[in-house]
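A.B. asks: no FASTA, just this:
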């Protein structure tokens, strides 16, 4: 593994990813990180910043921008797809149009997620086609949402090796541990579809986590939407056997009216993100002009970069690591078809990726899981344009 290509490399997330790559550089056999983006102005700023960060830290790799998709993927060992087709303007439609029909507006769940898939899947397949021609044998790491549908479409096509990534499980378990006053490393098992999973055998630093106290509130600092998600997650958990906890996106399906009401008060998340962008890029430009940039502001939590680096490090190692990823089931769970992309623990190393035996789904979730699986498969086919009937 020598060349990592980041698609969506002009994103405000990219400097945080580079920070994680620099921090773990000793475990990553990289000599070059290529950044590609369809916004040349943002790509220029971010590439100069990231190149300066790598140079200033004495990293063993260089950072370079690529002018075209073929130039970006040619000869790469890994391609990280972190794009947002349609940008924030399209995201705003994803978030607001469903509200007109009293349905939650969300970029991965419901109609908004389907809108996003119709933009993301064709672009991901175009990337896979370029990789098959110019980087045969490379692995496509998909971070683009909706991750389950995009990864399903890529797996169905079979042109490249693909691994779907999402750090939501880490965020959910960290939030639960924090709410319970635990500061260690959370762990557990996971089964379901992306943004529709259940966690079991929960722990912090290998000590069991639970049962849930009579009063449990979301961690301090959560906004209204995340507080609502946490409260309804707790309500769902109380209806299950001790120790089960839902993905924080599942409440959108069970309590849609509450999220519609909350969204109408709060306004589109995309508006807040768009308003913050000038500040991010002004900081990037300021730091890019310095001999040793000091990154103080970037979009996203550390989880985005840290998870990508965990996957990259595992793919370079002989020793398998157990990570929560999105891959075809391949017998891990009897609840889903063998070729359905599920989210569960995977043994990952340079020798390949293998889904691990998964825990059982809660019986009360079986019907919703089946409906979401059918939707995922059909949406992937529809967005890929491979079915005349769709």
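C.D. replies: Noted; the coordinates are in hand. Here the structure is a predicted model, which is why all the values come from computation and not from measurement. Residues are numbered from 1 along each chain as shown.
A.B. asks: all strands in the chain, in order from the N-terminus.
C.D. replies: Using DSSP state E, the strands found in the chain span residues 3-7, 32-36, 62-65, 78-81, 139-142, 161-164, 186-193, 196-204, 207-208, 245-246, 321-328, 341-349, 352-355.
A.B. asks: Show me what the first one is packed up against.
C.D. replies: If I follow you right, that is strand 3-7. Applying 3 or more Cβ pairs under 8 Å, 6 or more residues apart in numbering; DSSP states H and E, one finds that strand 3-7 contacts helix 14-23, strand 32-36, helix 69-73, strand 78-81. C-beta: built from backbone N, CA, C; applies to glycine.
A.B. asks: want to try CSV for these, with mean pLDDT and distance to residue 149 as columns?
C.D. replies: Formatted as CSV, the helices and strands packed on strand 3-7 follow (pLDDT from 0 to 100; distance: least, Cβ to Cβ, whole Å):
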stretch, mean pLDDT, distance to residue 149
helix 14-23, 95, 23
strand 32-36, 99, 23
helix 69-73, 98, 21
strand 78-81, 98, 13
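A.B. asks: How about the contacts made by the residue nearest to residue 210 when sequence neighbours are not counted?
C.D. replies: Distances taken as Cβ to Cβ, 6 or more residues apart in numbering put residue 243 closest to residue 210, at 5.0 Å, once the chain neighbours are dropped. The contact partners of residue 243, taken as Cβ atoms under 8 Å, 6 or more residues apart in numbering, are 200-202, 208-211.
A.B. asks: can we see that at 10 Å?
C.D. replies: Shown in contact with residue 243 (Cβ atoms under 10 Å, 6 or more residues apart in numbering): 188, 199-203, 208-212, 237.
A.B. asks: now swap in residue 256 and tell me
C.D. replies: Residues near residue 256 by Cβ under 10 Å, 6+ apart: 98, 102-104, 109-110.
A.B. asks: Save the strands of the chain as CSV, and put in mean neighbour count and distance to residue 284 too.
C.D. replies: Formatted as CSV, the strands of the chain follow (neighbours: other Cβ atoms under 10 Å; distance: least, Cβ to Cβ, whole Å):
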stretch, mean neighbour count, distance to residue 284
strand 3-7, 27, 15
strand 32-36, 23, 12
strand 62-65, 19, 13
strand 78-81, 26, 19
strand 139-142, 26, 23
strand 161-164, 24, 28
strand 186-193, 23, 32
strand 196-204, 21, 34
strand 207-208, 10, 41
strand 245-246, 24, 37
strand 321-328, 20, 30
strand 341-349, 24, 32
strand 352-355, 17, 34
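A.B. asks: among those strands, which is nearest residue 178?
C.D. replies: strand 186-193 (8.9 Å; Cβ to Cβ).
A.B. asks: average model confidence for that closest one?
C.D. replies: Here strand 186-193 scores 97 as its mean pLDDT.
A.B. asks: so it versus strand 321-328, what angle?
C.D. replies: With axes from the mean of the first three to the mean of the last three Cα atoms, to 10 degrees as the basis, strand 186-193 and strand 321-328 are set at 10 degrees to each other.
A.B. asks: what is residue 341 paired to in the beta sheet?
C.D. replies: residue 328 (DSSP bridges).
A.B. asks: PyMOL command to pick out the buried ones of the contacts of residue 256?
C.D. replies: A single PyMOL command suffices to select whichever of the contacts of residue 256 are buried according to 16 or more other Cβ atoms under 10 Å:
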select buried, resi 98+103+104+109+110
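A.B. asks: what's the most distant pair in the contacts of residue 256?
C.D. replies: By the measure Cβ to Cβ, 102 and 109 form the most distant pair in the contacts of residue 256, at 14.7 Å.
A.B. asks: And the contacts of stretch 200-217?
C.D. replies: 173-174, 176-191, 199, 227, 230-231, 233-234, 237-238, 240-245, 358-362.
A.B. asks: give me that answer again for 7 Å
C.D. replies: 173, 177, 179-180, 182, 184-189, 234, 237-238, 242-245, 359 (Cβ atoms under 7 Å, 6 or more residues apart in numbering).
A.B. asks: how about the closest residue to residue 14 other than its chain neighbours, what does it touch?
C.D. replies: Nearest non-adjacent residue to residue 14, counting by Cβ to Cβ, 6+ apart: residue 46, 5.2 Å away. Taking Cβ under 7 Å, 6+ apart, we find residue 46 in contact with 9-10, 14-15, 35, 284.
A.B. asks: Dump those residues to a markdown table, plus distance to residue 271.
C.D. replies: Shown next, in a markdown table, are those (distance: Cβ to Cβ, whole Å):
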| residue | distance to residue 271 |
| --- | --- |
| 9 | 25 |
| 10 | 21 |
| 14 | 22 |
| 15 | 23 |
| 35 | 27 |
| 284 | 21 |
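A.B. asks: show me where the stretch 201-350 of the chain has helices.
C.D. replies: Assigned by DSSP state H, counting those that start in this stretch, the helices in the stretch 201-350 of the chain fall at 224-238, 251-254, 256-266, 269-288, 302-315.
A.B. asks: who wins for proximity to residue 57 among these?
C.D. replies: The closest of the helices of the stretch 201-350 of the chain to residue 57 is helix 269-288. By Cβ to Cβ, the value is 13.1 Å.
A.B. asks: packing partners for that closest one?
C.D. replies: With contacts taken as 3 or more Cβ pairs under 7 Å, 6 or more residues apart in numbering; DSSP states H and E, helix 269-288 sits against helix 40-56, helix 87-96.
A.B. asks: quick revisit: mean pLDDT lowest where, among the strands of the chain?
C.D. replies: Minimum mean pLDDT among the strands of the chain: strand 207-208, a mean of 93.
A.B. asks: could you give the mean pLDDT of the top helix by length along the chain?
C.D. replies: The longest helix of the chain (DSSP state H) is helix 110-134. When pLDDT is averaged over helix 110-134, the result is 98.
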